[in-house]
Structure formats: C-alpha cells, structure tokens
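[1] Give me coordinates for this.
(one chain, ligands or ions: 1)
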Amino acid sequence: MMKNLILASGSPRRKELLSLYTTDFTICVSDFDESGVTAPTPAQLVEKLARGKCLAVAKDHPGAVVLGCDTVVDVGGEVFGKPHSVEDAKRMLRALSGAAHEVHTGVCVSDGVRTESFVDSCRVTFFPISEGEIDAYTATKEPYDKAGAYAIQGRAALWLDRLEGDYYTIMGLPVSRTARLLSRF
Ligand SMILES: Cc1cn([C@H]2C[C@H](O)[C@@H](COP(=O)(O)OP(=O)(O)OP(=O)(O)O)O2)c(=O)[nH]c1=O
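    Purely as a prediction, here's the structure:
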C-alpha cells in the first residue's frame, strides 16, 4: 500500500489523468519559482522544473509520495511556455503552423528519501493554421493556460496532422509511464 500521494500541480488536466491511476491523492500546488531556471536543452529544462515543483512540496510533507510535472513546447530548440498575451499566443501558433514540434513533459516523484524522474517527448505535426483561425482561437480562453498556446484536447485537435508518441504527454502527464513510476514507491 502506497504512502499518502500528493499531486504538486494546479493543472486540472493532471488531476484528471492521475485519477485514471488512483483517486486516492490530495493536491498541494508548489510555490517553486520557475522564473530564471535554465537548462542546456528543453528536455533537461522540464526535468529540472518538475523536480523543483516536486521537491518544494516534498520538503513540507515528510513521509508522503509527491508527484511534480512540467510541460513545454519545443520548436527547433526554442521553448514555448504559457503565452503572456494575445500577441504572444499568436506568435506561438504561427510558429507551429504547418510544421512539426516536440512537446516535453518532465515527471518527478519523491518520497523525501528517494527521488526519481523522467522526461517523455511527443512529436506533433500541425496542418497550416490560417490567420483567421489564429484570430478566432486566441479570442477564446483555451490558449492561455497551456504551453505553446494550444490544447490538443480542445479545438487544436482540428490542426493535428500527425502525432508520434504519447498523446497524454501533450496534455501534461504521460499517464502510463507515470503509473509505472508511482508503482515503485
Ligand atoms: C500543449 C498542451 C499543454 N497543455 C497544458 C498542460 C499543462 O497544464 C500546461 C503547461 O503548464 P505547466 O507549467 O507544465 O503546468 P501548470 O502551470 O498548468 O500546472 P503546475 O505547474 O501547477 O503543475 O499546458 C494542455 O492541456 N494541452 C496541450 O495540448
């Protein structure tokens, strides 16, 4: 029987996906400051951020098993996080239009003694997105709490040409690999 499980995330998608594995967890959003965190590659960045969020909560909850995650969109090495404005969202969507990009999600689990992490990456190819579609999409709420300014589980599904990897990595939690990692705690 696993110790108390804490999801160190305010993301409703992560809560929903973790619920496929177990509903026996609580949520504690970390106060980890992501600004200024750097890494040599986007994949290393998400692992570092997931670890930071996880350990910030783990230090206050000894004896619990804590799960922290981070997701970014990677366009040829350039990192897209959540858009800061309508213009920022439009810039991101123009860069994603008619091209392939990677989505990286870092996952970290710690019980305060042992800490394990991994990164899962999914390659996404979008059909060309018209300026009209970008205008309409960025006028909705959908892009603003999502890395890369889109939700694949939302209306961005209409732009999807090809996907190579785990769909749930795009939504912020590669749930099968995460379940396997959690089962070792
Ligand atoms: C690309 C993409 C991202 N996302 C979401 C997943 C993440 O919630 C979010 C990326 O932001 P994150 O900074 O990884 O996470 P968060 O701020 O939402 O939550 P927390 O730090 O508390 O864990 O983007 C989608 O839901 N669908 C998508 O297609």
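
[2] Could you list the contact residues of the chain toward the ligand?
    9-11, 13-14, 29, 53, 69-71, 73, 82, 103, 145-148, 150-153, 170-172 (Cβ under 6 Å from any ligand atom). Every residue, glycine included, has its C-beta placed from N, CA and C.

[3] Those in helices, which ones?
    Mapping the residues of the chain next to the ligand onto helices (DSSP state H) picks out R13, R14, K53, I170.

[4] just checking, G52 touches V37?
    Yes: G52 lies in contact with V37 (Cβ atoms under 8 Å); the separation is 6.7 Å.

[5] Between these two, tell me which one has more neighbours.
    G52 (19 against 12; other Cβ atoms under 10 Å).

[6] The more buried one and T23: what is the separation?
    Remark: distance between G52 and T23 (Cβ to Cβ, to the nearest Å) = 26 Å.

[7] Next one: T169 from P143, what distance?
    19 Å.

[8] And T71, by the same measure?
    Distance, T71 to P143, using Cβ to Cβ: 14 Å.

[9] which of the ones in helices among the residues of the chain next to the ligand tops the neighbour count?
    Neighbour counts for those, by other Cβ under 10 Å, peak at I170, which reaches 29 neighbours.

[10] Phi first, then psi, for the closest residue to A179 other than its chain neighbours.
    Spatial nearest neighbour of A179, chain neighbours left out: Y21 (4.4 Å); criterion: Cβ to Cβ, 6 or more residues apart in numbering. Torsion angles at Y21 (phi, psi; degrees, to the nearest 10) stand at phi -90, psi -50.
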